[in-house]
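Participant: here is my input, please return the structure:
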Amino acid sequence: MQNLTDFLAKRQAKHQSLVLVTGVFDLLHQEHLNFLRKAKAVADLLLVGLESDVRVKKMKGEGRPINNQAKRLTNLQKLQIADQVFILPEEFSKPADHQRLIEQIRPNFMAVSSNTAFKKEKEMILAQFGAKLVVVHEFNPEFSSTKIINKLKQKGSL
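Facilitator: Sure thing, here's the model as predicted:
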């Protein structure tokens, strides 16, 4: 895959609409696939920002991620749903960090699921650049990487 700067330049030249999603995508499961497919349907191009290993450890705790960022990136690319996948910055917890990224990418949309945290804050940042937040997927509490990991640990598979 090309680098993010080249991807964004080509997108701009072709005047293609872009939807951005971000996440950990540690152990890919059916709900991830459903979410990514729904996000892809929102615009011409789907761009996935993958949380770095450093950020995942801060958000999810020791022992996470199960798959490192290189493996998670490769797994997402193999799905062939996203047009481009990139690793988010390690320092990415402040609104100013998010604002810089949205300013650089200039998505038309950001797709989220119904349980996404900080929706209002994300909407405000996106609006500054003419983009919209779109809830594309209803969260299903039966499926999560954390639940899968906990079950695997109970079985002694991890």
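
Participant: is it true that L27 lies in a helix?
Facilitator: No: using DSSP: H, G, I helix; E, B strand; the rest coil, the secondary structure at L27 is coil, not a helix.

Participant: pretty sure it sits against I149.
Facilitator: Yes: contact criterion CB atoms under 8 Å: L27 and I149 qualify, at 6.6 Å. C-beta here means a position set from N, CA and C on the backbone, and glycine is covered the same way.

Participant: who touches both of the two?
Facilitator: Residues touching both L27 and I149 (CB atoms under 8 Å, 6 or more residues apart in numbering): I66.

Participant: tell me how far R55 lies from F35.
Facilitator: Distance from R55 to F35, counting by CB to CB, to the nearest Å: 19 Å.

Participant: what do you get for Q104?
Facilitator: 23 Å.

Participant: list phi and psi for the spatially most central residue of the chain.
Facilitator: In the chain, the centroid-proximal residue (CA atoms, centre = their mean) is T22; its distance is 1.8 Å. Main-chain torsions, T22, degrees, to the nearest 10: phi -130, psi 150.

Participant: who is it paired with across the strands?
Facilitator: Beta-bridge pairing of T22 under DSSP bridges involves G49.

Participant: M110 versus that one, what's the distance?
Facilitator: T22 sits 8 Å away from M110, taking CB to CB as the criterion.

Participant: what does I66 give?
Facilitator: 26 Å.

Participant: of these two, who's got more company?
Facilitator: Between I66 and M110, counted using other CB atoms under 10 Å, M110 has the larger neighbour count: 28 against 17.

Participant: for that one, grab phi and psi.
Facilitator: Torsion angles, degrees, to the nearest 10, at M110: phi -120, psi 120.

Participant: just checking, it touches A131?
Facilitator: Yes: assessed by CB under 8 Å, M110 is found in contact with A131 at 6.4 Å.
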